[in-house]
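**Student:** Turn this into a model:
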Amino acid sequence: MPRVAESPALNPSLLSPALEALCLRLGHTFRQRDLLLRAVTHRSFGADHYERLEFLGDSVLNMAVSDLLYDQYDDSPEGDLTRIRAHLVRQDMLHRIALSLDLQAVLRLSDGEARGGGAQRPSILADTLEALIGAVYRDAGFEAAEALVRRLFEPLISETATQSWGKDAKTQLQEWLQARRQSVPEYRIEATRGRAHDQTFVVVCSLAGSSVQARGEGRSRRAAEQEAARLVLEQLCTTPE
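**Tutor:** Alright, predicted model coming up:
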């Protein structure tokens, strides 16, 4: 079904070399270039920002990843597929892909947001990636968006990696500590940023009697705790016992 053209509130007549290069990395040439501009525009920059496209992209991403996993794991039950999908679409994975696409170089931010490090913020980069997926969907339909998702996510999937995806990071960390008769980790909110309807939480995870700690960011307290736990577990697993 043909897509209804978006209102060209932005001026898409000429794209910067950085955005042209992004199109090459995405493997998609936009017919409606205003969609690409909107997808990389943070709300601090102006009213025509990426949040509606992010809403679309989140749904497209979940559907496309579900279809990918359905193909690759045809003997896996629904519960396992759900856990693997949750691992793949979580913020830190989206952040990793966003960095590989160099999205921080094309983000349109207000001067204040840019000075505050917005271009490096995991939550903003993850949201921008979802917005780009939504933009490709609006520009060329689901097949084009699904092809993009497969290009980005297939390299992350391997038989060995999925063995550890059944449990979330907080559970894995707690089990790691309990197996060594160590105290459970502590989590505290260090900061919250943004308005009430669009907050980013910063949570510190620390271990009693140890200097090991990490900060995690997320759109909810739980997501930030999971990210902090993952980073602590990563430190523990790379440090000789």
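**Student:** show me the contacts for Thr58.
**Tutor:** For residue 58 the amino acid is Asp, not Thr. Going by Cβ atoms under 8 Å, 6 or more residues apart in numbering, Asp58 touches Glu130, Gly134. C-beta here means a position set from N, CA and C on the backbone, and glycine is covered the same way.
**Student:** mind redoing it with 10 Å?
**Tutor:** Val89, Leu94, Asp127, Glu130, Ala131, Ile133, Gly134 (Cβ atoms under 10 Å, 6 or more residues apart in numbering).
**Student:** next one: Ala228
**Tutor:** Residues near Ala228 by Cβ under 10 Å, 6+ apart: 169-170, 173, 185, 187-188, 190, 201-206, 213-218.
**Student:** cool, Cys23 as well?
**Tutor:** Leu15, Thr29, Phe30, Arg33, Leu36.
**Student:** Using neighbour counts, pick out the buried residues of the longest helix seen in the chain.
**Tutor:** Longest helix in the chain by number of residues (criterion: DSSP state H): helix 51-72. Buried residues in helix 51-72, counted by 16 or more other Cβ atoms under 10 Å: 53-54, 56-58, 60-62, 64-66, 68-69.
**Student:** and the residue most central in space within the chain, what element?
**Tutor:** Among the residues of the chain, the one closest to the centroid is Leu94, at 2.6 Å (Cα atoms, centre = their mean). Assessed by DSSP states H and E, Leu94 sits inside helix 91-100.
**Student:** Can you name the element that comes right after that helix?
**Tutor:** helix 111-115.
**Student:** Now do the buried residues in that next one.
**Tutor:** So helix 111-115, judged by 16+ other Cβ under 10 Å, has buried residues Glu113.
**Student:** Now do stretch 137-144: distance from first to last residue.
**Tutor:** Chord length of stretch 137-144, first to last residue, is 7 Å (Cα to Cα, to the nearest Å).
**Student:** helix, strand or coil for the closest residue to Glu227 other than its chain neighbours?
**Tutor:** Of all residues not flanking Glu227 in the chain, Gly216 sits nearest, at 3.0 Å (Cβ to Cβ, 6 or more residues apart in numbering). At Gly216 the chain is in strand, as set by DSSP: H, G, I helix; E, B strand; the rest coil.
**Student:** cool, Val184 as well?
**Tutor:** Following three-state DSSP, Val184 is assigned to coil.
**Student:** what does the average pLDDT come to for stretch 142-160?
**Tutor:** For stretch 142-160, mean pLDDT is 85.
**Student:** lowest-confidence helix or strand of the protein?
**Tutor:** Sorted by mean pLDDT, DSSP states H and E, the helices and strands of the chain end with helix 159-162, the least confident at a mean of 48.
**Student:** Buried residues of stretch 87-97, list them for me.
**Tutor:** Across stretch 87-97, burial judged by 16+ other Cβ under 10 Å covers His87, Leu88, Val89, Arg90, Gln91, Asp92, Met93, Leu94, His95, Ile97.
**Student:** what's near enough to touch Met51?
**Tutor:** Met isn't right for residue 51; it's Glu. Neighbouring residues of Glu51 by Cβ under 10 Å, 6+ apart: Arg38, Thr41, His42, Arg43, Asp127, Glu130, Ala131, Gly134, Asp198.
**Student:** what's around the third one, how many residues?
**Tutor:** In other words, His42. For His42, the count of nearby residues is 22 (other Cβ atoms under 10 Å).
**Student:** ditto for the last one
**Tutor:** By the measure other Cβ under 10 Å, the count of residues near Asp198 is 12.
**Student:** I'd like the distance between it and Ile157.
**Tutor:** 31 Å (Cβ to Cβ, to the nearest Å).
**Student:** The fifth one too?
**Tutor:** With distances defined as Cβ to Cβ, the gap from Asp127 to Ile157 amounts to 23 Å.
**Student:** higher neighbour count, those two?
**Tutor:** More neighbours surround Asp127 than the other of Asp127 and Ile157, with 27 against 17 (other Cβ under 10 Å).
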